[in-house]
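Student: build me a model:
(one chain, ligands or ions: 3)
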Amino acid sequence: MALIVQKYGGTSVGNIERIENVAEKVIGWRERGHQVVVVVSAMSGETDRLIGLAKGITARPSPREFDVLLSTGEQVTIALLCIALEKRGCPARSYTGGQVRILTDDAFNKARICDVEVDAMRGDLDAGRVVVVAGFQGVDEDGNITTLGRGGSDTTGVALAAALKADECQIYTDVDGVYTTDPRVVPEARRLDRITFEEMLEMASLGSKVLQIRAVEFAGKHNVPLRVLSTFVEGPGTLITYEEAFEVEQMEKVLISGIAFNRSEAKLTVLGVPDRPGVAFNILGPVSGANIEVDMIIQNISHDGTTDFTFTVHRNDFERTLEILKERAAELGAREVSGDTKIAKLSLVGIGMRSHAGVASKMFQALAKEGINIRMISTSEIKISVVVDEKYLELGVRALHEAFELDKVA
Ligand code: ADP
Ligand code: ASP
Ligand code: MG
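Tutor: Numbers count the residues shown, from 1 in each chain. Ligands and ions are numbered 1, 2, ... in the order given. Purely as a prediction, here's the structure:
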């Protein structure tokens, strides 16, 4: 007998028929002798609908009330799934995050899980019940409802699996695993049997929304066996692994595991700032002071004693960042401040890159062949990212997928 935590995403519980399908699947696992804890998302589109309601009142709803609102989506699906299970004679009990006591910090809208109480869930499992928990939510120390950021139900699943020492955490979604890139953009994308935590973490943080970054982080830290599978078709899915042996074996064969992309960043440039010590700090200090995260940064070689400084932020922070820079332009002695929101970041990810040269030049060649101009470049041990004009996103991803022959098994 194994203890399995299963998380079903929004599409998987998108209507009553699909919720009943999930109930059947859960019962199948239970009948094979396993204990099952289920985490569900809100029905697809529901979280967006709730956000729309609040934004219809004000652009900046208070973070506390926003979380009270957003958490209701998942409360609906836990109840409906339990009703569907009970109708089939399967004993089940639903829990909101607060009822489990998924304790988080008090950062509304992006709270982090600090602790999970397992006694009540264990009691139910021992009594033969299926436990159904609302994803994406918790409570802070004062009992306020918090939410974990978009896609946060993945993290609830992993956190419960870690706390319960589950044998596996299964993330059920609308694709049958992690692919070499988003199959919606490249139909030739190939499902990976396995991917390392390190690579998955890069893929998630560089824009592949198949798993929330924090879920991957959490699973890696707590050694939670994690698998991504389809709710709708049978198959082995993709195992996220940290096996050293696999790494060595894979490093020898595979250069690139996947391509991630992200169209949610914007680029800002400060032109003609006097090049002296403290330039970067003077520009970025006030930006980080306003709690705005900076991603890629480039400072050009100076000519005539002045330099150009370019960096990217999340698109939601673009207006505010531009305002900050404009306010400070005179003080910085800058000639001009400009910005561009129509950019996209494409990234190649692979642990094989560590031991191979030439990946970057092959990437640049593939993009050049399509006439795609690279605006920014950044690299780390297992990834290379470039910023290009947004209109080239699909073309660029497809060109890279083909150049690195990711549709073929290595
Ligand atoms: P859920 O609602 O189940 O949490 P998400 O929409 O959050 O599902 O994540 C699944 C989606 O992630 C897929 O439909 C797919 O379009 C997208 N995706 C992006 N990159 C990848 C990738 N590398 N492999 C698989 N899916 C990906
Ligand atoms: N319902 C939340 C969202 O849409 C959380 C999740 O589905 O993981 O982001
Ligand atoms: Mg998701």
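Student: my guess is Leu148 contacts Phe108. True?
Tutor: No: at 10.4 Å, Leu148 does not count as touching Phe108 under the criterion of CB atoms under 8 Å. Heads up, the C-betas are built off the backbone N, CA and C, glycines and all.
Student: check which residues of stretch 112-126 are buried.
Tutor: 112-113, 116, 118, 121, 124-125 (16 or more other CB atoms under 10 Å).
Student: between Leu148 and Phe108, who's got more neighbours?
Tutor: With neighbours defined as other CB atoms under 10 Å, Leu148 and Phe108 compare such that Leu148 has more, 29 against 20.
Student: residue in the stretch 101-250 of the chain nearest to ligand 2?
Tutor: Of all residues in the stretch 101-250 of the chain, the one sitting closest to ligand 2 is Ser153 (3.2 Å; CB to the nearest ligand atom).
Student: give me the pLDDT value at the nearest residue to that residue once chain neighbours are set aside.
Tutor: Of all residues beyond its chain neighbours, the one nearest Ser153 is Gly135 (2.6 Å), with distances taken as CB to CB, 6 or more residues apart in numbering. Looking at Gly135, its pLDDT is 98.
Student: strands of the stretch 301-410 of the chain, start to end?
Tutor: With DSSP state E, counting those that start in this stretch, the ranges of strands along the stretch 301-410 of the chain come out as 306-314, 336-340, 343-349, 376-380, 383-389.
Student: which element is Glu86 on?
Tutor: helix 72-87 (DSSP states H and E).
Student: buried sites along that helix?
Tutor: So helix 72-87, judged by 16+ other CB under 10 Å, has buried residues 72-74, 76-78, 80-82, 84-85.
Student: and Val388, how far from ligand 1?
Tutor: In this view, Val388 and ligand 1 are 18 Å apart by CB to the nearest ligand atom, to the nearest Å.
Student: contact partners for that residue?
Tutor: Listed by CB atoms under 8 Å, 6 or more residues apart in numbering, the contact partners of Val388 are 343-344, 346, 367, 372-375, 396.
Student: got a PyMOL select line for the buried ones in those residues?
Tutor: This is the PyMOL syntax for the buried subset of the contacts of Val388, where burial follows 16+ other CB under 10 Å:
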select buried, resi 343+344+346+367+372+374+375+396
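Student: residues of this structure that sit close to ligand 1?
Tutor: Residues of the chain that fall close to ligand 1, judged by CB under 6 Å from any ligand atom: 9-12, 41, 151, 173-175, 178-179, 181-182, 184, 208-210, 258.
Student: closest residue of the stretch 51-200 of the chain to ligand 3?
Tutor: For the stretch 51-200 of the chain, the residue closest to ligand 3 is Gly151, as judged by CB to the ion, at 4.1 Å.
Student: what about that residue, how many residues nearby?
Tutor: The burial count for Gly151: 21, using other CB under 10 Å.
Student: which residue, other than its chain neighbours, is closest to it?
Tutor: Gln212 (3.8 Å).
Student: name the residue most distant from the centre of this structure?
Tutor: Most distant residue from the mean C-alpha position of the chain: Asp304, 43.0 Å away (CA atoms, centre = their mean).
Student: what residues sit buried inside stretch 99-108?
Tutor: Neighbour count says stretch 99-108 has 100-104, 108 buried, by 16+ other CB under 10 Å.
Student: following the helix or strand bottoming out on mean pLDDT in the chain, which helix or strand shows up next?
Tutor: Ranked by mean pLDDT, DSSP states H and E, the weakest helix or strand in the chain is helix 244-253, scoring a mean of 56. Counting by DSSP H and E, the element after helix 244-253 in chain order, helix or strand, is strand 258-262.
Student: please report how far the residue in the chain positioned nearest to ligand 1 lies from Val39.
Tutor: Distance from ligand 1 to each residue of the chain (CB to the nearest ligand atom) is smallest for Gly9, at 1.8 Å. Distance, Gly9 to Val39, by CB to CB, to the nearest Å: 10 Å.
Student: got any residues that touch both of the two?
Tutor: Listed as contacting both Gly9 and Val39 by CB under 8 Å, 6+ apart are Ser153.
Student: looking at these two, which is more packed in?
Tutor: Applying other CB under 10 Å to Gly9 and Val39 shows that Val39 carries more neighbours, namely 32 against 24.
Student: OK, contacts around that one?
Tutor: Neighbours of Val39 in contact, by CB under 8 Å, 6+ apart: 5-8, 132-135, 153, 156-157, 160.
Student: check what pLDDT the residue nearest to the spatial centre of the chain gets.
Tutor: Residue closest to the mean C-alpha point of the chain, counted by CA atoms, centre = their mean, is Gln212 at 3.0 Å. pLDDT for Gln212: 97.
Student: again with Ile301
Tutor: Looking at Ile301, its pLDDT reads 79.
Student: wait, what's in contact with the closest residue to it other than its chain neighbours?
Tutor: Take Ile301 and drop its neighbours on the chain: the residue closest to it by CB to CB, 6+ apart is Thr307, 7.4 Å away. By CB under 8 Å, 6+ apart, the residues touching Thr307 are 272-275, 279, 299-301.
Student: so how far is Val313 from Thr307?
Tutor: From Thr307 to Val313 the distance is 20 Å (CB to CB).
Student: for Ser205, same thing?
Tutor: Distance from Ser205 to Val313, counting by CB to CB: 15 Å.
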